[in-house]
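Q: Pasting the sequence and the predicted coordinates here, then a few questions.
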Amino acid sequence: MKAAVIVFPGSNCDRDLTVAFERAGMDVTMVWHKDTSLPEGLDIVGVPGGFSFGDYLRCGAIAANSPICRSLIAHTERGGYALGVCNGFQILTETGILPGALRRNAGLKYICRTVGLKVENNETAFTNAYEKGQVIDVPIAHHDGNYFVDDAKLAQLQGEGRIAFTYTDNPNGSVADIAGVISKNRRVLGMMPHPERAADDEHGGTDGVAMFRSLVDQLTTA
Amino acid sequence: MKARVYVMLKNGVLDPQGEAVRHALGSLGFDGVEGVRQGKVIELDLAEGSTEATVNEMCEKLLANTVIESYRVELM
């Protein structure tokens, strides 16, 4: 199974995501933001966390307009899989691949701690190894994770089962406690919490591992 | 020529920074501040002959996130 992880200036979870993908058995290529094309035959693209372009203008706004993101959009339009974590989620919303936007945390503080996440939809390649309703512990580390969609879009996301994870104790003011959303075709997941930072005993938790295993199981049997 | 772009969070989108400023004004003794909205101003130096339509396109594509923000363009 082939994966790529995009590296922007200011990405800082690119290696962590690469390691998590590799440990699950993926063959990973890291791709620079100025590259104009993704490697051939990719199964999934990882958009990592960090502070791409220093969060200038808006988190993810400059990265979303970088050359590689045109290929990323084309990849998802072809039905390719993608996972965006934290700044990666912000970038996916800025490209329009995922709906909504991430605002400044309601309490205005940068929050770095482990939170409880409830699995709302386990019928995706990302969440298949979890039980529906299961609560997992995954760290967050963000200043702008306050998810917003208007009421009409929220009703649509709820109706289509596109909320992957909610916070058990909303840390940032997100609408409807939303921590992660999936695309209409179930192949793109964006989430503020970091599953790649809950993927090794040394991390203090391994609840993220199932996501990467699930991806490999689903995408190699497909 | 110059253009000035005002980007604000849309009405109905909670502005936690504006709220914090409102509280701070209240604690400084400024009564009667019923709401504060914080936005940004972006100034563009443009080649002569640039059009407002082009600046609007810049706003749509990059300068504002129209999911949560509105913008206003002033040509100067």
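A: Alright, I've got the coordinates.
Q: Look at A:Trp32 and say how many residues are nearby.
A: 12 (other CB atoms under 10 Å in any protein chain shown). Backbone N, C-alpha and C define where each C-beta goes, glycine included.
Q: I'd say it and A:Ile68 touch.
A: Yes: with contact defined as CB atoms under 8 Å, A:Trp32 reaches A:Ile68; the gap is 7.3 Å.
Q: where do the contact lists of these two overlap?
A: Taking CB atoms under 8 Å, 6 or more residues apart in numbering or on different chains as the criterion, A:Trp32 and A:Ile68 both touch A:Ile6.
Q: Show me the strands in the chain, by range?
A: Assuming you mean chain A. Assigned by DSSP state E, chain A shows strands spanning A:2-7, A:27-32, A:44-47, A:81-85, A:101-103, A:111-119, A:135-142, A:146-148, A:163-167, A:178-182, A:188-191.
Q: The chain in question should be chain B.
A: Under DSSP E, chain B gives strands at B:2-9, B:40-45, B:69-75.
Q: can you redo those as JSON lines with distance to chain A, mean neighbour count and mean pLDDT?
A: Output for these, formatted as JSON lines (distance: least, CB to the nearest CB, whole Å; neighbours: other CB atoms under 10 Å in any protein chain shown; pLDDT from 0 to 100):
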{"stretch": "strand B:2-9", "distance to chain A": "8", "mean neighbour count": "18", "mean pLDDT": "97"}
{"stretch": "strand B:40-45", "distance to chain A": "9", "mean neighbour count": "13", "mean pLDDT": "98"}
{"stretch": "strand B:69-75", "distance to chain A": "8", "mean neighbour count": "16", "mean pLDDT": "97"}
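Q: returning to what we had before: tell me which of the strands of chain A lies nearest to chain B.
A: The closest of these to chain B is strand A:101-103. By CB to the nearest CB, the value is 4.2 Å.
Q: Quickly check: the closest one near chain B or not.
A: Yes: shown here: strand A:101-103 in contact with chain B (CB under 8 Å from any CB of the partner chain) through A:101, A:103.
Q: So which other helices or strands are in contact with that strand?
A: helix A:87-95, strand A:146-148 (3 or more CB pairs under 8 Å, 6 or more residues apart in numbering or on different chains; DSSP states H and E).
Q: okay, the ones you listed, which one's buried deepest?
A: Among these, ranked by average contacts under mean count of other CB atoms under 10 Å in any protein chain shown, first place goes to helix A:87-95 (a mean of 28).
Q: Extract the C-alpha set from that helix and format it as CSV.
A: The C-alpha trace of helix A:87-95 is given here as CSV (Å, rounded to 0.1, in the frame of the first residue of the first chain):
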residue,chain,number,x,y,z
ASN,A,87,-3.2,21.8,10.4
GLY,A,88,-3.8,19.2,7.7
PHE,A,89,-7.6,19.4,8.6
GLN,A,90,-7.4,23.2,8.3
ILE,A,91,-5.7,22.8,4.9
LEU,A,92,-8.4,20.4,3.7
THR,A,93,-11.2,22.8,4.7
GLU,A,94,-9.3,25.7,3.0
THR,A,95,-9.0,23.8,-0.2
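Q: Can you spell out which helices and strands pack onto that helix?
A: Using 3+ CB pairs under 8 Å, 6+ apart, helix A:87-95 is in contact with strand A:44-47, helix A:67-77, strand A:81-85, strand A:101-103, strand A:188-191.
Q: Including distance to A:Gly116, mean neighbour count and mean pLDDT, could those go into a markdown table?
A: Shown next, in a markdown table, are those (distance: least, CB to CB, whole Å; neighbours: other CB atoms under 10 Å in any protein chain shown; pLDDT from 0 to 100):
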| stretch | distance to A:Gly116 | mean neighbour count | mean pLDDT |
| --- | --- | --- | --- |
| strand A:44-47 | 24 | 27 | 98 |
| helix A:67-77 | 29 | 18 | 97 |
| strand A:81-85 | 17 | 28 | 98 |
| strand A:101-103 | 20 | 26 | 97 |
| strand A:188-191 | 14 | 28 | 98 |
